[in-house]
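A.B. asks: Sequence first, then the predicted structure:
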Amino acid sequence: MISALPIELENSRVNLEGDSNVILKALFATAIRFHLPVAVWRLPNTSEIKLCVSLRPAQTSGDVPQLESGVSGFAFYPFQVSATYPAHFIKADITYSSLSAKLKFNFKLNENPEYVALVQRLQEYFEKIKGSAHTSNWHVSRKVKPYQTSEANFKHLVEESVAAIDAGQMEKVVLSRVRSTELTAGFDLMATYLRLQKTYPNAFVSLVSIPEMGTWMGASPEILVQVSKDRIFKTVALAGTQALTPDCNPAKALWQQKEIEEQSLVKRYILHCFKRIQLRDYTEIGPRTVVAGNLMHLRTDFTVDMKKEAFPMLGTHMLQLLHPTSAVCGMPKETAMEFIMQKEGYDRAYFSGFLGPVHIDGESNIYVNLRCSQLLEQVALTYAGAGITAESEPDKEWLETRLKMDTIRQVFQNSAL
């Protein structure tokens, strides 16, 4: 059995005994019931699932979060900040770790009397559903209607993009599309999330649900910015895609000029950002072939020891410079962005934005919001993009986006209770 949440004001940490998956479902369902922002995530190659809940509306700001210190929480930022899709920060008022089985109140209840009644109501509801938490509800955005990009329109846009590149208007542009999938009867969101994190142990697997803004779930392969506990900065250049098959694995992967050039453009942009802030001492490893779910990519890793460099805010500054990277936008950034906004035919919202825990347990891990779906009431909208260069072929780019979509769409199968 799960122990009750004690309300004694002097307690800030609580042990929750029982199955961690059952606890996660109950905590998530409680947050949804009381219209609170909630985020669930698991870092790559770890077994610990974390959850944070804010007892207030998610904060909105156009500024990127401060990664090196300050307020703890979960960042959820769109591809392009707008009045329709603002940037959000879910303050970690309450956190839970499946590894430690600890629920932590990151404030003093006696200093926040308005929270006392709310926490008591949360406790009562948690106790009521803890043994049979079926998370059939989630926050839904009323701004979004089911939509799907047609194959003909996407391929035509690839052709138009190649023509613009050949004309010298751009070096690269990243085109995306969206696919609509009906949810099965009895769809259980948290059960699907738990299946997703087991299926892709090497990915950053997240579930974010914010009142009015909606619910997103994904398994991203791409670090945008990381600041570790020991003050090591990390970012990656990830681009180029091919299917992972029994006959083609990282040891046998052969990359065409198109993929090599695409990855090189992302790498060049990171180096350009380093140059802008006059950072010269960094470690570069790659490019090398890495596996991400059912796909392989080319990846180059960049690290900086912030203890040895005079850049105490390196993570925050690089986040400002990098987003959106050429891996999700293109080069030159401004030209590619304008092309996307005019031609793509839909608003990406939080797809290809960034998300992740900020200053949780002393570190920040920000990922690009890729391989993701937005959950509406009865439909999942799945997003994927492909980098278009002068060598791009419409049929191949359509197939690449389909393979990327399959990363998350396959976990929706057999998702009924």
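C.D. replies: Ah, there it is. Here the structure is a predicted model, which is why all the values come from computation and not from measurement.

A.B. asks: just checking, residue 368 touches residue 351?
C.D. replies: No. With contact defined as C-beta atoms under 8 Å, residue 368 and residue 351 do not form a contacting pair (9.7 Å). Using the backbone N, CA and C atoms, a C-beta is placed for each residue, glycine as well.

A.B. asks: and the two? which has more neighbours close in?
C.D. replies: Counting neighbours by other C-beta atoms under 10 Å for residue 368 and for residue 351 shows that residue 368 has the greater number, 29 against 26.

A.B. asks: gap between the more buried one and residue 402?
C.D. replies: Plainly put, residue 368 is 20 Å away from residue 402 if you go by C-beta to C-beta, to the nearest Å.

A.B. asks: How about residue 210?
C.D. replies: Separation of residue 210 from residue 402 (C-beta to C-beta) stands at 29 Å.

A.B. asks: What of residue 108?
C.D. replies: Counting by C-beta to C-beta, the gap from residue 108 to residue 402 is 51 Å.

A.B. asks: So for these two, which residue has more residues nearby?
C.D. replies: Residue environment comparison for residue 108 versus residue 402 gives the larger neighbour count to residue 402, 15 against 11, counting by other C-beta under 10 Å.

A.B. asks: and that one, that's in a helix?
C.D. replies: Yes. Using DSSP: H, G, I helix; E, B strand; the rest coil, the secondary structure at residue 402 is a helix.

A.B. asks: Show the contacting residues for it.
C.D. replies: With contacts taken as C-beta atoms under 8 Å, 6 or more residues apart in numbering, residue 402 has the following neighbours: residue 384.

A.B. asks: same thing but 10 Å
C.D. replies: 151, 177, 179, 384, 386, 409 (C-beta atoms under 10 Å, 6 or more residues apart in numbering).

A.B. asks: neighbours around residue 251, how many?
C.D. replies: Close neighbours of residue 251, defined as other C-beta under 10 Å, add up to 6.

A.B. asks: Give me the three-state assignment for it.
C.D. replies: Following three-state DSSP, the label given to residue 251 is coil.

A.B. asks: My read is that it contacts residue 289, right?
C.D. replies: Yes. Proximity of residue 251 to residue 289 meets the contact threshold set by C-beta atoms under 10 Å, at 8.2 Å.

A.B. asks: contacting residues around residue 412?
C.D. replies: Contacts were defined as C-beta under 10 Å, 6+ apart; by that measure residue 412 touches 181-184, 187, 192, 195-196, 217, 373, 375, 380, 382.

A.B. asks: Flag whichever of those scores worst on pLDDT.
C.D. replies: Lowest-confidence member of these: residue 184, scoring 85 (pLDDT).

A.B. asks: Could you confirm that one falls within a strand?
C.D. replies: No. Per three-state DSSP, residue 184 lies outside any strand segment and is coil.
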